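*Asks:* here is a sequence together with a model predicted from it:
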Amino acid sequence: QVQLVESGGGLVQAGDSLRLSCAASGRTFSSYVMGWFRQAPGKEREFVASISWRGSSAIYADSMKGRFTISRDNAKNTVYLQMNSLKPEDTAVYYCAAKISYSNVNYTRGYAFWGQGTQVTVSS
């Protein structure tokens, strides 16, 4: 069992940066592939980024490439999402999630554990 708690969301202006954190409980954090997803009002939850067990590989949604960076610190049981050059369309609730395998990481299905989400609002 893994419990995930996101933090770092807030209200920012377009062009600003934010760093989200997701703290995981348990001693097996490094056994999980971690992902970030987001969900805007009235829209489906969409993939943002995923990172492999030791952080050697990362995958991003096309619209986030070059602006967002996912990283992890296994010693701290934490995964991060650095978001730069934020746009109003980035407004959403951001969720972190954990899964075992590094396949099909862009699909919500397969992620066994989810956090409660943190709100990010970008004003124009």
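*Replies:* Received, thanks. In this text the structure is predicted, and so the values were computed from the model without any measurement. Residues are numbered from 1 along each chain as shown.
*Asks:* C-alpha from now on. contacts and neighbour counts both.
*Replies:* Noted.
*Asks:* hang on, residue 26 packs against residue 74?
*Replies:* No: contact status for residue 26 versus residue 74: not in contact, 11.3 Å apart, counting by CA atoms under 8 Å.
*Asks:* who's more crowded, the two?
*Replies:* residue 74 (17 against 11; other CA atoms under 10 Å).
*Asks:* distance of the residue lying closest to the more buried one once chain neighbours are set aside from residue 106?
*Replies:* Once flanking residues are discounted, residue 74 sits nearest to residue 30: 5.8 Å by CA to CA, 6 or more residues apart in numbering. Going from residue 30 to residue 106 by CA to CA, to the nearest Å gives 19 Å.
*Asks:* can you check residue 45 too?
*Replies:* Applying CA to CA, the value for residue 45 to residue 106 is 11 Å.
*Asks:* settle it for me: which of those two has more neighbours?
*Replies:* Higher neighbour count among residue 45 and residue 106: residue 106, with 20 against 17, using other CA under 10 Å.
*Asks:* before we move on, back to that, got phi/psi on the residue nearest to residue 74?
*Replies:* Residue 30 adopts backbone torsions of phi -70, psi -10, taken as degrees, to the nearest 10.
*Asks:* do I have it right that it meets residue 51?
*Replies:* No: the pair residue 30 and residue 51 fails to qualify as a contact (CA under 8 Å) at a distance of 10.8 Å.
*Asks:* which of these two has more residues huddled nearby?
*Replies:* More neighbours surround residue 51 than the other of residue 30 and residue 51, with 25 against 19 (other CA under 10 Å).
*Asks:* which ones are touching that one?
*Replies:* Neighbouring residues of residue 51 by CA atoms under 8 Å, 6 or more residues apart in numbering: 33, 34, 35, 57, 58, 59, 70, 71, 72.
*Asks:* which one is it nearest to, not counting chain neighbours?
*Replies:* residue 58 (4.3 Å).
*Asks:* thank you kindly, that will do.
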